[in-house]
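Trainee: Here is the input, now give the coordinates:
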Amino acid sequence: MPPFERQVTMLVSYGLHATVEAVEYALRKSDTAHFPEAILSRSNPFPKQSFPEAIKDGVSANLLDAVIGLMGLLHNAVDVNFAWSPEFPVPADAYKGVTPDPSDRSIIEAVSRELKEQEPDPTAQLIGVVEGLRGPQGDDIGHITLSTFIDGKSRKVHIHLDAEIYEPPVFAHSTKRVVTCIGTIVRQGRFSVLYDLIAFEVAPPFDVEEGEVGQLFAEPEQ
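Mentor: Residues are numbered from 1 along each chain as shown. Next up, the predicted model:
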């Protein structure tokens with residue numbers, strides 16, 4: 001196995017090359033849904049993979065932010081070269097240099113933002129009310145929608161529950177009891193999903209009418 005330093009350098013080289021190729025893919029596909037200004041034409045062969053596919057090759061929000069940082073506010077050209085030590089075998093697919101185009105900065109920034117939204121947050125505790133239910137079916141997995149607050153904003157969080165622990169959410173929904181959930185949040189656009197559920201607890205009754213509790217997490221009127 002190559003030393004750690006070689007492994008890191010290989011990962012960076014693969015990630016940078018995959019970034020350049022994925023930018024090219026976005027431009028050639030004219031993906032106006034995600035990159036509205038990317039309607040250009042290039043002469044080189046059509047690239048093989050998009051950004052979602054390039055993640056396996058080391059593309060990440062941190063890598064993209066590093067590229068943006070190298071370009072600077074003036075959108076400077078970036079030329080990253082690799083000098084491979086002959087002490088260890090150099091893979092046939094190793095790259096000697098990668099040159100991200102500074103004119104592609106807006107695309108790289110857009111993808112970085114999307115990746116950050118999709119990255120899981122650390123284990124979090126959510127307090128809210130069960131707004132929606134969908135009982136366990138073929139795969140014995142139930143689904144609930146929790147109305148809660150994240151970073152001070154009203155959010156809807158989807159949670160998948162095994163059939164054997166689905167009864168407490170049903171009770172909480174029918175009585176409008178406040179619940180506490182602990183797990184890992186993954187943001188997906190306007191919605192979030194809570195994975196790796198550690199705890200789901202229904203709060204005891206409050207000294208108020210049950211119907212009033214649910215209003216604490218109601219959507220503000222437009």
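Trainee: what are the ranges of the strands in this protein?
Mentor: 80-81, 97-98, 120-134, 141-150, 153-162, 178-188, 191-202 (DSSP state E).
Trainee: Reformat those as TSV; add distance to Asn62, mean pLDDT and mean neighbour count.
Mentor: The way it works is simple: take the backbone N, C-alpha and C, and place the C-beta from them, glycine included. Below are the strands of the chain laid out as TSV (distance: least, Cβ to Cβ, whole Å; pLDDT from 0 to 100; neighbours: other Cβ atoms under 10 Å):
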stretch	distance to Asn62	mean pLDDT	mean neighbour count
strand 80-81	15	89	14
strand 97-98	16	90	16
strand 120-134	14	83	16
strand 141-150	22	86	19
strand 153-162	25	86	16
strand 178-188	17	85	18
strand 191-202	21	86	15
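Trainee: Columns distance to Leu16 on top of the ones you listed, output as CSV?
Mentor: Shown next, in CSV, are the strands of the chain (distance: least, Cβ to Cβ, whole Å):
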stretch, distance to Leu16
strand 80-81, 6
strand 97-98, 4
strand 120-134, 24
strand 141-150, 33
strand 153-162, 35
strand 178-188, 26
strand 191-202, 30
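Trainee: what's the closest of those to Gly58?
Mentor: strand 97-98 (11.6 Å; Cβ to Cβ).
Trainee: Give the other helices and strands that the closest one contacts.
Mentor: helix 4-29, strand 80-81 (3 or more Cβ pairs under 8 Å, 6 or more residues apart in numbering; DSSP states H and E).
Trainee: In the sheet, which strands lie alongside the last one, parallel or antiparallel?
Mentor: Think strand 80-81. strand 97-98 (antiparallel) (DSSP bridges).
Trainee: contact partners of the partner strand?
Mentor: 13, 16-17, 20, 79-82 (Cβ atoms under 8 Å, 6 or more residues apart in numbering).
Trainee: dump the residue contacts of the most centrally placed residue in the chain.
Mentor: With distances taken as Cα atoms, centre = their mean, Gln118 lies nearest the centre of the chain, 1.0 Å away. By Cβ under 8 Å, 6+ apart, the contact list for Gln118 reads 186-188.
Trainee: Please render those residues as JSON lines that adds distance to Phe171 to the earlier fields.
Mentor: Output for these, formatted as JSON lines (distance: Cβ to Cβ, whole Å):
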{"residue": "Val186", "distance to Phe171": "26"}
{"residue": "Arg187", "distance to Phe171": "28"}
{"residue": "Gln188", "distance to Phe171": "28"}
